[in-house]
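> Coordinates only, no sequence provided:
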Ligand SMILES: Nc1ncnc2c1ncn2[C@@H]1O[C@H](COP(=O)(O)OP(=O)(O)OP(=O)(O)O)[C@@H](O)[C@H]1O
């Protein structure tokens with residue numbers, strides 16, 4: 001399913017948090033949303049998973065405006081893993097993942113054998129099958145993050161919206177989760193802070209700065225030393241990864257940046 005944003009503006013507290021954002025996430029592509037802290041990544045994603053309503057513009061699924069879809073239709077199309085989504089209730093891991101099946105049933109319907117199979121497969125995919133009976137409050141931050149990804153996969157959406165999906169994950173799990181999401185074949189729109197991971201995994205990236213899109217294209221086109229200096233205020237060298245050929249960034253030490261300001 002194609003996801004596109006057309007001129008999306010989101011206002012709050014009397015100002016535009018994001019303004020006139022237009023981007024496409026074509027079916028099956030992994031699209032990264034990059035930008036410094038406070039640049040509007042989460043706000044943009046919230047407009048996509050319908051927690052915030054754009055003041056102008058539209059979010060389109062296969063060309064249909066998101067707000068013309070019924071809530072259940074939206075929930076079947078889009079699964080989101082938001083930043084710091086946490087629960088105060090001590091549900092088991094299996095119960096949290098089973099919540100991903102709700103858009104496919106009524107709230108009071110019992111889970112079918114097929115649902116249980118889908119949930120078990122999602123937990124296996126994130127490497128947490130052994131923790132199905134554990135209370136989520138007893139999990140580490142990284143384990144909890146993987147449970148939320150399993151819940152999103154169990155939802156069997158067409159589009160995955162991920163806000164910092166590798167937050168809390170160690171390096172092996174960062175690579176595994178992103179590879180798993182890529183293999184899923186779903187349309188993915190993900191806010192990512194790690195620019196090297198973004199360069200390794202994204203088909204296209206879009207960079208926000210001060211609530212506006214300032215660059216869009218392939219990681220190689222976008223992640224240039226000039227953009228990294230202008231938008232992130234860092235000096236970086238871009239080198240090809242020796243195995244994949246994808247761009248990788250080597251950052252200068254802070255001292256040498258201070259020297260350059262002297
Ligand atoms: N409800 C709100 N009311 C007022 N300001 C808000 C609200 N939500 C977000 N903001 C502001 O909007 C800007 C963009 O926030 P957002 O969370 O989208 O940025 P981000 O790029 O995801 O940042 P980070 O990388 O730090 O997670 C920030 O300056 C933030 O303080």
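Everything's here; your move. Please read all numbers here as calculations on a predicted model, not as lab measurements.

> List the buried residues in stretch 8-24.
For stretch 8-24, the neighbour count (16 or more other CB atoms under 10 Å) marks 8-11, 16-19, 21, 23-24 as buried. Every residue, glycine included, has its C-beta placed from N, CA and C.

> how far away is residue 197 from residue 32?
Distance of residue 197 to residue 32, computed by CB to CB, to the nearest Å: 9 Å.

> Who has more neighbours out of those two?
Neighbours per residue, other CB atoms under 10 Å: of residue 197 and residue 32, the larger number sits with residue 32, 27 against 18.

> after the strand or helix carrying that one comes which helix or strand?
According to DSSP states H and E, residue 32 maps onto strand 30-34. Where DSSP H and E defines the elements, the next helix or strand beyond strand 30-34 is helix 41-48.

> Please name every helix or strand in contact with the helix or strand just after that next one.
Using DSSP H and E, the helix or strand that follows helix 41-48 towards the C-terminus is strand 56-61. Helices and strands touching strand 56-61, by 3 or more CB pairs under 8 Å, 6 or more residues apart in numbering; DSSP states H and E, are strand 3-12, strand 15-25.

> Residues of the stretch 151-262 of the chain that sit close to the ligand?
By CB under 6 Å from any ligand atom, no part of the stretch 151-262 of the chain sits against the ligand.

> all strands in the stretch 151-262 of the chain, in order from the N-terminus.
Using DSSP state E, counting those that start in this stretch, the strands found in the stretch 151-262 of the chain span residues 159-163, 187-191, 204-209, 212-217, 236-240, 247-251.

> Give me the number of neighbouring residues for residue 166.
24.

> pretty sure residue 57 contacts residue 21?
Yes: if you go by CB atoms under 8 Å, residue 57 and residue 21 touch, sitting 7.3 Å apart.

> what touches both of these two?
Overlap between the contact sets of residue 57 and residue 21, as judged by CB atoms under 8 Å, 6 or more residues apart in numbering, is given by 5, 7-9.

> returning to that earlier point: could you dump the strands of the stretch 151-262 of the chain into TSV and include distance to residue 95 and mean neighbour count?
What follows is these, written out as TSV (distance: least, CB to CB, whole Å; neighbours: other CB atoms under 10 Å):
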stretch	distance to residue 95	mean neighbour count
strand 159-163	21	24
strand 187-191	26	25
strand 204-209	36	23
strand 212-217	39	16
strand 236-240	44	13
strand 247-251	40	17
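
> want to throw those into CSV with mean pLDDT?
Formatted as CSV, the strands of the stretch 151-262 of the chain follow (pLDDT from 0 to 100):
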stretch, mean pLDDT
strand 159-163, 96
strand 187-191, 98
strand 204-209, 98
strand 212-217, 98
strand 236-240, 96
strand 247-251, 95
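
> Can I get those in a markdown table including distance to residue 150?
Formatted as a markdown table, those follow (distance: least, CB to CB, whole Å):
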| stretch | distance to residue 150 |
| --- | --- |
| strand 159-163 | 12 |
| strand 187-191 | 16 |
| strand 204-209 | 26 |
| strand 212-217 | 31 |
| strand 236-240 | 34 |
| strand 247-251 | 29 |
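
> Out of those strands, which is closest to residue 173?
Checking the strands of the stretch 151-262 of the chain against residue 173 by CB to CB gives strand 159-163 as the closest, at 14.0 Å.

> on that earlier part again, which one of the buried residues of stretch 8-24 is nearest to residue 159?
Closest to residue 159, out of all of the buried residues of stretch 8-24 and judged by CB to CB, is residue 24, at 12.3 Å.

> May I have the beta-bridge partners of that closest one?
residue 4 (DSSP bridges).

> Tell me the pLDDT of it.
Looking at residue 24, its pLDDT stands at 97.

> who's in contact with it?
When contacts are counted by CB under 8 Å, 6+ apart, residue 24 touches 2-5, 31.
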